[in-house]
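**Student:** Show me how the following folds:
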Amino acid sequence: MLTDGLVRQGHQVSNPSLFAPCPQLPVINISEAQKQTMLHLNYSDTIHNTIDLSRYPFAAEYQTPPYIAFVGRMAPETGPQFAIAIAQHAGFPLKMAGKIDPSEQDFFEHQIKPHIDGQRIQYLGEVNHAQKADLLAKAAVTVFPIIWDEPFGLMMLESMACGTPVIGMNCGLVPEVIADGKSGFICSTINEFVKKIPAALQLSREDCRHHVETIFHPTDRVAQYEQAYRQNRGQTSQNNLLTFQRQRS
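**Tutor:** Numbers count the residues shown, from 1 in each chain. Below you'll find the predicted structure:
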């Protein structure tokens, strides 16, 4: 049986003392999830990250036979151990890619490596951009079973830009990125991941790509940053910036 007793891990994204000398200094956060980790800051705007869409070719169909993809660090909080459980219980092959930090080598050796057989469970190592795009584009679905409040995960955008829906855990920014029922699904337990895979295979891959193009387009992000800079270039902001720079020098 799959366990539903997952423990979410908090994450402090910055040093609170960094902004102490000038608490009114405007700050742009990359997600509402990131804002929740440091509520005392003077947030000016939420501007999501984006990707260069031209580097992620759209794939109208997934590869046959279908497989599940996982791309991320081989670490407990990113959930490769859950990706393996999902694939095994759903009856799909799993292809994983991502680096192994020295601090996570023991985790990989004991919880990931024993499951790798080169067939049903494959670990491709730390892939380059072209290999990653190809892996995501050919996948039937990508899983993002994180258990920490990640401020932003570009992999979800990368997968959807290729046309591949994403099933993600309801942690961190996931609800801000996935259009539930359209570009993927948002789950609260690992069992839900397994149950949602058949439905994910029926989602429109064109809709997945369109979601990224319309909500996370680079041109729109640039316009947002320009607007934020215009709004915060007043004298008060300039004084705060000078104070901040003096404190850091």
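
**Student:** Please report how far the residue nearest to the spatial centre of the chain lies from Glu32.
**Tutor:** With distances taken as Cα atoms, centre = their mean, Gly153 lies nearest the centre of the chain, 2.2 Å away. Applying Cβ to Cβ, to the nearest Å, the value for Gly153 to Glu32 is 14 Å. Placement of C-beta: from N, CA and C, glycine included.

**Student:** in terms of contact, does the residue nearest to the centre of the chain touch Ile146 like I think?
**Tutor:** Yes: under the criterion of Cβ atoms under 8 Å, Gly153 makes contact with Ile146 at 7.2 Å.

**Student:** Need the overlap of contacts for the two.
**Tutor:** Residues touching both Gly153 and Ile146 by Cβ atoms under 8 Å, 6 or more residues apart in numbering: 72, 172, 174.

**Student:** wait, Pro218 sits on Ile51?
**Tutor:** Yes: counting by Cβ under 8 Å, Pro218 touches Ile51, with 7.5 Å between them.

**Student:** Comparing these two, which residue is more hemmed in?
**Tutor:** Neighbours per residue (other Cβ atoms under 10 Å) separate Pro218 from Ile51, with Ile51 holding more: 18 against 13.

**Student:** What is the three-state secondary structure of the more buried one?
**Tutor:** coil (DSSP: H, G, I helix; E, B strand; the rest coil).

**Student:** Grab the nearest non-local neighbour of it.
**Tutor:** Leaving aside its chain neighbours, Ile51 sits nearest to Leu157 (5.1 Å; criterion: Cβ to Cβ, 6 or more residues apart in numbering).
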